[in-house]
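**Q** prediction below, plus the sequence it came from.
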Amino acid sequence: MEKSLNEKIIRISGSGCINNQTKIELGEDREVLVRGSVVKVEEKDNQDGTKDIVYIIRILSLELVK
């Protein structure tokens, strides 16, 4: 039996450097632009007749937008 798709999820792994002059405060919401490469695709069974597709993206570069 084919399971129906519940969610498509992006998981980001890795890290990137930001400008030394940029201040970031704890609890502050920031917009981040990430460029990355999909390194893995996983299918997760939710045990309820549905599945999730998880895309794992490795960071190549990032930029703080706001």
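**A** Nice, I can see it. This structure is a prediction, so every number in the text was calculated from the model and none was measured.
**Q** against which helices or strands is the helix or strand where residue 38 lies packed?
**A** Using DSSP states H and E, residue 38 falls within strand 32-45. Other elements packing on strand 32-45 under the criterion 3 or more CB pairs under 8 Å, 6 or more residues apart in numbering; DSSP states H and E are strand 4-13, strand 50-64. (Glycine included, C-beta is placed from N, CA and C.)
**Q** can you put the ones you listed in TSV and add mean neighbour count?
**A** Formatted as TSV, the helices and strands packed on strand 32-45 follow (neighbours: other CB atoms under 10 Å):
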stretch	mean neighbour count
strand 4-13	11
strand 50-64	14
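**Q** mean pLDDT and distance to residue 36 for those strands - can I get that in TSV?
**A** Conversion of those to TSV gives the following (pLDDT from 0 to 100; distance: least, CB to CB, whole Å):
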stretch	mean pLDDT	distance to residue 36
strand 4-13	96	7
strand 50-64	95	4
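**Q** and those strands: which comes nearest residue 28?
**A** strand 50-64 (10.7 Å; CB to CB).
**Q** tell me the strands beside that closest one, with direction?
**A** strand 4-13 (parallel), strand 32-45 (antiparallel) (DSSP bridges).
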